[in-house]
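Q: Everything below, folded, please.
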Amino acid sequence: MMNFLVKTIANAGALAVAVWLLDKITLTGDGTGKEIGTLVLVALIFGLVNVLVKPVVKLFSLPLLILTLGLFTLVVNALMLLLTSWLADQLDLSFHVEGFWTAVLGGLIISVVSWALNVVLPDRD
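A: So this is what the prediction gives:
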């Protein structure tokens with residue numbers, strides 16, 4: 001349970017950095033508390049998408065991953081971020097990613113920040 005909480009906090013932090021750095025990734029709310037709540041919910045959705053959908057997409061795109069020496073992972077990450085944005089819209093959460101290239105850059109930022117936070121934060125169950 002502790003590991004799940006740490007991963008969710010890391011995802012929320014990484015998403016917050018992407019929202020802060022990129023104008024076309026938006027998170028709106030009535031106040032800071034509402035924005036933090038939305039960010040945590042979006043982080044949960046993002047985590048579920050990465051656990052459930054991403055392995056299937058990577059399996060089907062394995063030839064492209066091999067052909068591009070893993071660079072196609074940037075496209076997969078962008079698609080997962082766009083899927084998260086769509087799911088957040090369906091759940092009436094105020095998180096939106098505008099465009100594919102914004103998602104590619106956002107996915108890159110989220111991957112780097114999430115990796116750094118997972119190195120710093122404790123990893124135990």
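Q: Skip the chain neighbours and tell me the closest residue to Leu44.
A: Excluding the flanking residues, the one nearest Leu44 by CB to CB, 6 or more residues apart in numbering is Thr8, at 6.1 Å. Quick note: C-beta positions are derived from backbone N, CA and C, even for glycine.
Q: With Leu121 instead?
A: Nearest one to Leu121, counting by CB to CB, 6+ apart, is Val6 at 4.9 Å.
Q: What number of neighbouring residues does the one you found come out with?
A: As a burial measure, Val6 scores 17 neighbours (other CB atoms under 10 Å).
Q: Report pLDDT for it.
A: What the model reports as pLDDT for Val6 is 83.
Q: now for the strand or helix carrying it, which elements pack on it?
A: Take DSSP states H and E as the rule and Val6 turns out to sit in helix 2-21. Secondary-structure packing of helix 2-21 (3 or more CB pairs under 8 Å, 6 or more residues apart in numbering; DSSP states H and E): strand 25-27, helix 32-52, helix 100-120.
Q: 10 Å instead, please
A: Applying 3 or more CB pairs under 10 Å, 6 or more residues apart in numbering; DSSP states H and E, we find helix 2-21 packed against strand 25-27, helix 32-52, helix 72-90, strand 95-97, helix 100-120.
Q: Including mean neighbour count and distance to Leu64, could the ones you listed go into JSON lines?
A: Formatted as JSON lines, the helices and strands packed on helix 2-21 follow (neighbours: other CB atoms under 10 Å; distance: least, CB to CB, whole Å):
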{"stretch": "strand 25-27", "mean neighbour count": "19", "distance to Leu64": "25"}
{"stretch": "helix 32-52", "mean neighbour count": "16", "distance to Leu64": "19"}
{"stretch": "helix 72-90", "mean neighbour count": "19", "distance to Leu64": "4"}
{"stretch": "strand 95-97", "mean neighbour count": "21", "distance to Leu64": "22"}
{"stretch": "helix 100-120", "mean neighbour count": "17", "distance to Leu64": "15"}
